[in-house]
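quick one, what's the 3D model for this:
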Amino acid sequence: MAAAVADQADQVPARGFTSYLIAEAMTEVGRTARADAQLAEASGIALHNPFTDSRVIDACLSVPLHARPGPAVYKPILRQAMADLFPAELATRTTKGSYTSDYYQGIRANLTNLSALMDGHLAALGLIDPAEFRHTLRLAAAGIPTAFVTVEPAVRTEVWLRAVHAAPEVQWTSPQRTQAAA
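Reported below is the predicted structural model:
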């Protein structure tokens, strides 16, 4: 399985590796946005995520790397593409909310428990290198930027696998026939 995933790394699209990484990050954001929308729908709330619209993403990815604005300009392509859909104060803002410090603080507070997770099922399957993952966790705990997109899926998958393995085995039974049904 790991080899099949590694083989996909050789299939970088013609637009280049940077566009490939952006598309990968957008894919994760899209999955999360869809899950949020489904949770909201279950409560009768219509949640919309216009920034994850495929036309917006296509527009962003269609801009050649050399023509993309630098990091000092806040989402100019998205702002231009969505200009007629959003209030001016939203389109002209230069900052956004961030939970990054909370994220780092949470990893720091739970570093021992998170590190212990890395010797579990994912490591046994050869899907992660526990030493490398602990290194990434230590960097995050120190407040050094890391690839959050790799940390979260590994932690939640390991926790899920542990829950699956700890749960009692599912027993399938046939319904009892009643006297009236016979």
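
alpha carbons only for contacts and neighbour counts from here, please
Will do.

count of neighbours near residue 117?
20 (other C-alpha atoms under 10 Å).

the nearest residue to it once chain neighbours are set aside: what secondary structure?
With sequence-adjacent residues excluded and distances taken as C-alpha to C-alpha, 6 or more residues apart in numbering, residue 117 is closest to residue 158, at 6.8 Å. Using DSSP: H, G, I helix; E, B strand; the rest coil, the structure places residue 158 in helix.

find me the pLDDT at residue 158, would you?
You'll see residue 158 listed with a pLDDT of 94.

same check on residue 120?
For residue 120, the predicted pLDDT is 94.

now the element after the top helix by length along the chain, going C-ward?
Secondary structure of the chain read by DSSP state H shows that its longest helix is helix 17-42. Counting by DSSP states H and E, the element after helix 17-42 in chain order, helix or strand, is helix 54-62.

packing partners for that following helix?
Other helices and strands packing on helix 54-62, by 3 or more C-alpha pairs under 8 Å, 6 or more residues apart in numbering; DSSP states H and E, are helix 17-42, helix 76-81.

of all those helices, which one is nearest residue 175?
helix 17-42 (30.5 Å; C-alpha to C-alpha).

now that closest one, how far from the chain's geometric center?
Distance of helix 17-42 from the chain centroid (C-alpha atoms, centre = their mean, to the nearest Å) equals 7 Å.

can you list the domains in this structure?
According to automatic domain parsing, the chain comprises the domains 15-95, 98-168.

among these, which comes closest to residue 175?
Of those, nearest to residue 175 by C-alpha to C-alpha is domain 98-168, at 20.3 Å.

where in the chain is pLDDT low?
1-15, 96-99, 177-182 (pLDDT under 70).

I am finished for the moment; much appreciated.
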